[in-house]
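Peer 1: sequence first, then the predicted structure:
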Amino acid sequence: DQQVKQNSPSLSVQEGRISILNCDYTNSMFDYFLWYKKYPAEGPTFLISISSIKDKNEDGRFTVFLNKSAKHLSLHIVPSQPGDSAVYFCAASTGTASKLTFGTGTRLQVTL
Amino acid sequence: GAVVSQHPSWVICKSGTSVKIECRSLDFQATTMFWYRQFPKQSLMLMATSNEGSKATYEQGVEKDKFLINHASLTLSTLTVTSAHPEDSSFYICSARELLYNEQFFGPGTRLTVL
């Protein structure tokens, strides 16, 4: 039972344009959401998080949007850069200190 | 930022042998460490949560006698894959969390190949 889903396994975006990565969840108890970036053969690197009391959180080029009623969150990267090419995982937890449930990942490729 | 290391970064072993993977928090004290497994093109699956000085809590379907976890100090946790078999070949990643902070910091992972 995949409680966190990323339905797009891959995404290709031109440099300078916006990248939008989507994530859906089924467990209504989740109230804390995170995005991680991962390169092959490396551990995930934390990008940005959002609590369920907010619907938007922004950090530089990265913005995360949360739609609780739709159980959907998205990560916007603008402008996209070639160095953003990686696999992006969303993760969710109940409370900020509990275990994380990861999505299946989306491979982003930013082309020149 | 907080740094978590893993050793070894990759290991190849024969079927039936045991392999130990170390996870260290280098510049902070990790009261909780997590062990994940990732199969190719799949998600990170939590295997177990360990708190310093106490027994690990395993996720459903993970054999605790096969995947031995020890968290003897605030900076070191070990995962031992006992009697490894080819189906145990995977990418094992640990993460560590400091007491006062919620964020998990991930290690670089260990690629295990069992022949």
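Peer 2: The structure has been received and is ready for your questions. Just so you know, these numbers come straight off a predicted model, no measurement behind them. Numbering: from 1, shown residues only, chains lettered A, B, ... in the order given.

Peer 1: how about low-confidence regions in chain B?
Peer 2: Flagging of chain B using pLDDT under 70 yields the residue ranges B:1.

Peer 1: what residues does the residue in it that chain A sits nearest to make contact with?
Peer 2: Using C-beta to the nearest C-beta, B:Phe106 is the residue of chain B that sits closest to chain A, at 3.4 Å. Where C-beta positions appear, they are placed from N, C-alpha and C, glycine not excepted. With contact taken as C-beta atoms under 8 Å, 6 or more residues apart in numbering or on different chains, B:Phe106 is in contact with A:Tyr36, A:Gly43, A:Pro44, A:Thr45, B:Val4, B:Ile93, B:Cys94, B:Ser95.

Peer 1: what of B:Leu26?
Peer 2: By C-beta under 8 Å, 6+ apart, the contact set of B:Leu26 is B:Ala2, B:Val3, B:Val4, B:Ser5, B:Thr75.

Peer 1: and the closest residue to the third one other than its chain neighbours, how many neighbours does it have?
Peer 2: Leaving aside its sequence neighbours, B:Val4 sits nearest to B:Gly107 (C-beta to C-beta, 6 or more residues apart in numbering or on different chains; 4.2 Å). One way to gauge burial is a neighbour count; for B:Gly107, by other C-beta atoms under 10 Å in any protein chain shown, it gives 29.

Peer 1: return the nearest residue of chain A with respect to chain B.
Peer 2: Of all residues in chain A, A:Gly43 sits closest to chain B, at 3.4 Å by C-beta to the nearest C-beta.

Peer 1: might one say that that residue is in contact with B:Gly109?
Peer 2: Yes - between A:Gly43 and B:Gly109 there is a contact at 5.2 Å, judged by C-beta atoms under 8 Å.

Peer 1: ok, which stretches of the chain are strands?
Peer 2: As the question left the chain open, I've gone with chain A. Along chain A, the segments classed as strands by DSSP state E run A:4-5, A:10-14, A:19-25, A:32-38, A:45-51, A:56-59, A:62-67, A:72-77, A:86-93, A:101-102, A:106-111.

Peer 1: if you could check chain B rather than the one you did, that'd help
Peer 2: Using DSSP E, strands in chain B cover B:4-7, B:10-13, B:19-25, B:30-38, B:44-51, B:57-58, B:67-73, B:76-81, B:90-98, B:105-106, B:110-114.

Peer 1: please name the bridge partners of the residue most central in space within chain B.
Peer 2: By C-alpha atoms, centre = their mean, chain B has its centre lying nearest to B:Trp35, at 3.7 Å. When assigned by DSSP bridges, B:Trp35 has beta-bridge partners B:Ala48, B:Cys94.

Peer 1: repeat that for A:Ser12.
Peer 2: A:Gln109.

Peer 1: what does the pLDDT read for it?
Peer 2: pLDDT, A:Ser12: 97.

Peer 1: my read is that it contacts A:Gln109, right?
Peer 2: Yes - under the criterion of C-beta under 8 Å, A:Ser12 makes contact with A:Gln109 at 4.8 Å.

Peer 1: who has more neighbours out of these two?
Peer 2: A:Gln109 (14 against 11).

Peer 1: what residues does chain B have near chain A?
Peer 2: Applying C-beta under 8 Å from any C-beta of the partner chain, one finds that chain B approaches chain A through B:4, B:6, B:9, B:34, B:36, B:41-46, B:49, B:91, B:93, B:95, B:97, B:102-109, B:111.
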